[in-house]
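Asks: My questions concern the predicted model and sequence given below.
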Amino acid sequence: MKNAIKPIALATSLILVTACNSTAPINKTAATAINQEKFSQFHQYNENSNSTLEYASYGQILSASVIDLGVSDRYRITSHTTAIGTRLSSNPKPSTATEANRFYYDSYKENPKMKQALQVVQKKMADLPNKINLSNLPKSELLAYWFNLYNVTVLNELVQQYPVKNLSKLINEEPSFFDKPRFNFNGNQYSLNDIEYNIVAPLFNNDPLLMYGYYRGYIGSPNLLDHPYTAKNVFTALTTNAVQFVNSNRGSVIDTHSTRVSSLYLEKKNYFPNFEEDLAAHLQSLVIPEPDKNQVVQNLSFSIDNYDITDILGSDIPYGGGNAVVIDPSIVAIGWDTAFTTYGDNSSKIIGQVSPLRREILKKITQKYYEVNSRVEITDLPDKEGTEN
């Protein structure tokens, strides 16, 4: 594909190339003349433009509330059961429970001002097509904008509904979370899927790397970044996100004679004309080879999923009696707004008693956070709990 977005993986290096030419859109909705006109207005761009968009407020929200856990270490939790009589409703999936970047949804539940700030940012971003002519922007600027609008909208919707543990019901309802009309651009209604499949995909030849720019709120989906997409970083960040997803337990696991992959790809068939053949080639291009292993993507099994929300503490934590002090890797609201409350010295929080399973997850998340942020010392979680009921 000429001028397509293509990754180059050299060991742990992530290198990106450039954007591509536009083609006819692939619509998940009916391809009527009205639909074509509805979407084609967003297929124009100006590569000679020096215009840029800024995302300072959105960037503050992400920096304050997203925990970047870095590259997957293929960790698998060892605890599989919870105590009888607890309120911990279900066990996390062992192979993916500590994967994916996290968002501190809990802080928004407890702080209405933070929730309102997110709503304001989402509303202003969603209103932009009604205030400026997006066709005056270059393609890289457009791509960054659509990713940011999509992701902040998902965040805002989930913050309103939190605490919610599993998102499978939201995703599988009719219409689905991503098919519901959420935007009014110039008098027309648009959904999140409209943004992905009918606006962005046509601008970039339906390149499969695009799918990794969309945060869907659950562990088994691509990462939410701790910074906004911009025209300068969008292609590099997109490729990095793709490589991190594929080389994780929630993306693909290559065995000797077969490859288990995320069920998310079943929803992304639009990106792969010859589905399994093209998907296998796509995954192979993103795999970081392990030493002395012949890792061939073959005989795909779509058996990986995890629809638990990407929160930090877990919406199902409190149970039993007693309290535990949990080292909290998130530095919430620092440098954002002095009116926002913080948790003590921003390093620990007293919560209800946690199960051994949840404590293991929190310990691993904290460890990975410190590793990504080059922290020298790791403060362990308590070895003992209070009395369980």
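Replies: Noted; the coordinates are in hand. All values derive from a computational prediction rather than experimental measurement. Residues are numbered from 1 along each chain as shown.

Asks: And the strands in the stretch 1-150 of the chain?
Replies: 7-10, 13-16, 66-67, 102-103 (DSSP state E, counting those that start in this stretch).

Asks: Lowest average confidence across the ones you listed, which one?
Replies: When those are compared by mean pLDDT, strand 13-16 comes last with a mean of 31.

Asks: So residue 231 is in contact with residue 141, correct?
Replies: Yes. With contact defined as C-beta atoms under 8 Å, residue 231 counts as touching residue 141 (4.3 Å). (C-beta placed from N, C-alpha, C; glycine too.)

Asks: Now do the shared contacts for those two.
Replies: residue 52 (C-beta atoms under 8 Å, 6 or more residues apart in numbering).

Asks: which of the two has more neighbours?
Replies: Shown here are residue 231 and residue 141; by other C-beta atoms under 10 Å, residue 141 has more neighbours (23 against 18).

Asks: residue ranges with poor pLDDT in the stretch 201-350 of the chain?
Replies: Residue ranges of the stretch 201-350 of the chain with pLDDT under 70: 313-350.

Asks: so where do the helices sit in it?
Replies: 201-203, 234-246, 275-286 (DSSP state H, counting those that start in this stretch).

Asks: now the helices for the stretch 1-150 of the chain?
Replies: Using DSSP H, counting those that start in this stretch, the helices of the stretch 1-150 of the chain run over residues 33-40, 56-65, 105-110, 112-126, 139-161.

Asks: just the ones you listed: most buried one?
Replies: Stretch with highest mean neighbour count among these: helix 139-161 (a mean of 22; mean count of other C-beta atoms under 10 Å).

Asks: OK, contacts around the residue lying closest to residue 232 once chain neighbours are set aside?
Replies: The shortest distance from residue 232 to any non-neighbouring residue, by C-beta to C-beta, 6 or more residues apart in numbering, is to residue 140 (7.8 Å). By C-beta under 8 Å, 6+ apart, residue 140 lies in contact with 19, 231, 232, 234, 235.

Asks: The third one and residue 253: what is the separation?
Replies: From residue 232 across to residue 253, the span is 34 Å (C-beta to C-beta, to the nearest Å).

Asks: who has more neighbours, those two?
Replies: Using other C-beta under 10 Å, the more surrounded residue of residue 232 and residue 253 is residue 253, with 17 against 12.

Asks: Verify the stated contact: residue 39 with residue 193.
Replies: No. Using C-beta under 8 Å, residue 39 makes no contact with residue 193, being 11.7 Å away.

Asks: which ones are touching residue 262?
Replies: Counting by C-beta under 8 Å, 6+ apart, residue 262 has contacts 220, 245, 250, 251, 252, 302, 304, 305.

Asks: Equivalent analysis for residue 305, please.
Replies: If you count contacts by C-beta under 8 Å, 6+ apart, then residue 305 has 220, 262, 263, 264 around it.

Asks: of all the residues you listed, which two lie farthest apart?
Replies: Taking C-beta to C-beta as the measure, the contacts of residue 305 span a maximum distance of 7.5 Å, between 220 and 263.

Asks: where do the contact lists of the two overlap?
Replies: The contact lists of residue 220 and residue 263 share 304, 305, where a contact means C-beta under 8 Å, 6+ apart.

Asks: For those two, indicate the residue with more neighbours.
Replies: Ranked by neighbour count (other C-beta under 10 Å), residue 220 and residue 263 place residue 220 first, with 25 against 15.

Asks: what about the closest residue in space to the more buried one that isn't next to it in sequence, distance to residue 269?
Replies: Spatially, and ignoring its direct neighbours in sequence, residue 220 is nearest to residue 306 (4.0 Å; C-beta to C-beta, 6+ apart). For residue 306, the distance to residue 269 under the criterion C-beta to C-beta works out to 20 Å.

Asks: More neighbours: which of the two?
Replies: More neighbours surround residue 306 than the other of residue 306 and residue 269, with 23 against 12 (other C-beta under 10 Å).

Asks: what residues are up against that one?
Replies: 92, 93, 96, 97, 99, 218, 219, 220, 250.

Asks: Can I get stretch 213-221 as CSV, trimmed to CA atoms?
Replies: Output in CSV follows, covering the C-alpha atoms of stretch 213-221 (Å, rounded to 0.1, in the frame of the first residue of the first chain):
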residue,chain,number,x,y,z
GLY,A,213,-5.9,4.6,18.7
TYR,A,214,-9.3,4.0,20.1
TYR,A,215,-9.7,3.5,23.8
ARG,A,216,-12.7,1.4,24.6
GLY,A,217,-12.6,1.4,28.4
TYR,A,218,-11.9,-2.2,29.2
ILE,A,219,-8.6,-4.2,29.8
GLY,A,220,-8.9,-6.2,26.5
SER,A,221,-8.7,-3.1,24.4
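
Asks: quick one: contacts of it?
Replies: With C-beta under 8 Å, 6+ apart as the test, stretch 213-221 has contacts from 96-97, 99-100, 143, 147, 150-151, 154-155, 158, 166-167, 171, 178, 192, 196, 222-224, 229, 234, 237-238, 241, 250, 262-264, 304-310.

Asks: closest to residue 75 out of the helices of the stretch 201-350 of the chain?
Replies: Ranking the helices of the stretch 201-350 of the chain by proximity to residue 75 (C-beta to C-beta) places helix 234-246 first, at 14.3 Å.

Asks: which residue packs closest to residue 152, ignoring adjacent ones?
Replies: Going by C-beta to C-beta, 6+ apart, residue 152 has residue 122 as its nearest residue, at 4.8 Å.

Asks: any idea how far residue 154 is from that neighbour?
Replies: From residue 122 to residue 154 the distance is 10 Å (C-beta to C-beta).

Asks: Can you give me the distance of residue 182 to residue 129?
Replies: Applying C-beta to C-beta to residue 182 and residue 129 gives a distance of 13 Å.

Asks: ugh, typo on my part, it should be residue 180
Replies: 18 Å.

Asks: Cheers, nothing more for now.
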